[in-house]
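>>> mind folding the following:
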Amino acid sequence: MVINKSEESSTVRLGLKENWRQFLLLVIINGFVGGMVGLERSILPQLAEVEFHIEAKTAILSFIIVFGVFKAASNYFTGNLANKLGRKKLLVWGWIFGIPVPFILMYAGSWSWIIFANILLGINQGLAWSSTVVMKIDIVGEKQRGLAMGLNEFAGYLSVALVAFLTGYIAAEYGLRPYPFYLGIGLAFIGFFASLLLVKETQQHVRQESTSSPMSRLKSVFRETSWKDRNLGSVTQAGLVNNLNDGMMWGLLPLILTTKGFSLEQVGWITAAYPAVWGLGQLFTGNMVDHSNKKRMLYGGMFLQGVTILLLLFADTFAQYIALAIALGLGTALVYPTFLATIAGFTHPMDRAGSLGIFRFWRDLGYAIGAILTGFLADMLGMRVPVLVIGLLTLLSATIIMVRMRTTPSVTKKPLEGKHINP
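Numbers count the residues shown, from 1 in each chain. The predicted structure follows:
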């Protein structure tokens, strides 16, 4: 049976309550997506040193570099292809790329195989995470985007934290390989079959929202999202810096902690505390986004991150590192759902997937930039210097938000025509 657009629009309803079953399914699936990253979070730098005898920090962090580059590229293509191929197809393909990852991590005989696993992981994250983000925004409509993104990122990063802790614990008890990576096999196969058999396409929700959206179309989605539009550009640069400092925390913090004599289990606790607070905090900050000033939330979160990173230079005890990990998680929880909800709020529904893809392209390129910068500075000047530099860059990003960003989206009487112009 063929359903025309008028019949389709009469059956499609926007809202979290109206689509709660599909929304909950997507939240759970994104938890599995996040867990794939958690496999590496606590133990891969130690694996490089202990099993592959790699000492140069730049070489150790190479897995984050390739992960960031391929995740960024996948985000870009997901945004471009979401309207053409459909969100569900991209989600399923994301899991196809993710399935080999835990097997490679378990049995890799050289560091090159670890790098290859992170190429696949980057593609998995770019396709799968981006698809779940876009699909949730599609189905909830305008009023609850912040809550939707808070729940999405909560599931993803709480899963990162839980799996990071579990892999650290398992590694401390049974060794670095293969047991910690068994978790990934279950995550990959459950995520794949749930996406293939249960998830429904959401493009019809986009068409429904487009009929009433007051937003104007972007003349150049890439250029305006990247830098030209003062609102979108401000969010994009902050996203890049946020993941730049997360790349440092991912790759350098476990090495800093092990040089200070912390055990693998303690490293697991500290490295898990940061994404755990990041994830849990978004249950509250996501809802705040729908009712609060987004500019202030972004500025406050980036400022808190910058100060916390600088305070890492003065930490020595387990309690101090836990406290700073919690503070950094709070700062990130303030900005993460706000990034996505703000991009969605400043774009027309037909531009939204592309704009979110470009934002996530730059944001996740921050992983690669952060790993390169961190590795170079650590090899040349020691492990304290990159902490100082990245902390200062994060404070600079907060300042750019405060100076450049405005908080009211532009609209036109004809939402499908004309150029997007800031007030």
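
>>> C-alpha only now, for contacts and for neighbours.
Fine.

>>> dump the residue contacts of residue 353.
Contacts of residue 353 were listed using Cα atoms under 8 Å, 6 or more residues apart in numbering, and they are 78, 79, 80, 82, 83, 134.

>>> among the residues you listed, which ones are in helices?
Of those, the ones assigned to helices by DSSP state H are 78, 79, 80, 82, 83, 134.

>>> and those as JSON lines, adding distance to residue 356?
Shown next, in JSON lines, are the ones in helices among the contacts of residue 353 (distance: Cα to Cα, whole Å):
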{"residue": "78", "distance to residue 356": "9"}
{"residue": "79", "distance to residue 356": "6"}
{"residue": "80", "distance to residue 356": "10"}
{"residue": "82", "distance to residue 356": "11"}
{"residue": "83", "distance to residue 356": "12"}
{"residue": "134", "distance to residue 356": "8"}
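
>>> and the two most separated of those?
Greatest spatial distance in those: 80 and 134, 11.9 Å, computed using Cα to Cα.

>>> these two: who's more crowded?
residue 134 (25 against 18; other Cα atoms under 10 Å).

>>> what's the closest non-adjacent residue to that one?
Spatial nearest neighbour of residue 134, excluding adjacent residues (Cα to Cα, 6 or more residues apart in numbering): residue 353 at 6.2 Å.

>>> pLDDT value on the one you found, please?
Per-residue confidence (pLDDT) for residue 353: 86.

>>> kindly report the same for the one 3 residues further on.
pLDDT, the model's per-residue confidence, is 92 for residue 356.

>>> what of residue 416?
For residue 416, the pLDDT comes out at 38.

>>> what does residue 164 give?
Looking at residue 164, its pLDDT is 88.

>>> that one and residue 54: what is the separation?
Distance, residue 164 to residue 54, using Cα to Cα, to the nearest Å: 22 Å.

>>> ok, the two, which is more surrounded?
Neighbours per residue (other Cα under 10 Å) separate residue 164 from residue 54, with residue 164 holding more: 31 against 16.

>>> so which elements touch the helix or strand harbouring that one?
Using DSSP states H and E, residue 164 falls within helix 145-174. The contact analysis (3 or more Cα pairs under 8 Å, 6 or more residues apart in numbering; DSSP states H and E) places helix 145-174 against helix 20-41, helix 111-140, helix 264-289, helix 318-345.

>>> swap the cut-off to 6 Å and go again
If you count contacts as 3 or more Cα pairs under 6 Å, 6 or more residues apart in numbering; DSSP states H and E, helix 145-174 packs onto helix 20-41, helix 264-289, helix 318-345.

>>> now that helix: buried residues?
Neighbour counts using 16 or more other Cα atoms under 10 Å place 145-172 of helix 145-174 among the buried residues.

>>> now residue 238, nearest residue through space, not along the chain?
Using Cα to Cα, 6+ apart and skipping residues adjacent in sequence, the residue nearest residue 238 is residue 397, 5.7 Å away.

>>> tell me which residues are up against the helix or strand harbouring that neighbour.
Per DSSP H and E, residue 397 falls inside helix 384-404. Helix 384-404 is contacted from outside by 234, 238, 299, 302, 303, 306, 309, 310, 374, 377, using Cα atoms under 6 Å, 6 or more residues apart in numbering.

>>> cool, stretch 244-258 as well?
The contact list for stretch 244-258 (Cα under 6 Å, 6+ apart) reads 61, 366, 367, 370, 371.
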